[in-house]
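1. got a predicted structure here, sequence first:
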Amino acid sequence: MEAQQAESVKKILLTVNEAARLLSLSRPFLYRLMQRGEIASLKFGSSRRIKLEELLAFVERQSLLQAGK
């Protein structure tokens with residue numbers, strides 16, 4: 001049961017590399033977005049993780065901004 005829960009968490013938390021690939025962005029640009037507070041991230045030791053829901057919310061915000069132009 002515990003392994004199954006860990007696997008579920010793994011699917012909702014992405015590495016910076018995974019998130020960058022998913023958004024088709026470079027890692028440095030993704031780090032800039034995180035530094036500016038446009039994408040929230042979690043720090044675990046020296047590792048950063050980004051919630052999948054945070055990436056989806058970022059894409060939605062960008063879509064709304066583009067539609068408003």
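-> Ah, there it is.
2. phi and psi next, for the residue nearest the centre of the chain.
-> Centre of the chain computed as the mean C-alpha position; nearest residue by C-alpha atoms, centre = their mean is I50, 3.7 Å away. I50 adopts backbone torsions of phi -120, psi 130, taken as degrees, to the nearest 10.
3. quick one, what contacts it?
-> L13, L14, T15, V16, A19, M34, I39, A40, S41, L42 (C-beta atoms under 8 Å, 6 or more residues apart in numbering). For the C-beta atoms, the positions are set from N, CA and C on the backbone; glycine is no exception.
4. now, which of those residues lie within helices?
-> Under the assignment DSSP state H, the contacts of I50 contribute V16, A19, M34 to helices.
5. out of the residues you listed, who has the most neighbours?
-> Neighbour counts for those, by other C-beta atoms under 10 Å, peak at A19, which reaches 25 neighbours.
6. which residue, other than its chain neighbours, is closest to that residue?
-> I50 (4.6 Å; C-beta to C-beta, 6 or more residues apart in numbering).
7. so that neighbour bridges to which residues?
-> L14 (DSSP bridges).
8. for L13, list the residues it contacts.
-> L42, R49, I50, K51, L52 are the contacts of L13 under C-beta under 8 Å, 6+ apart.
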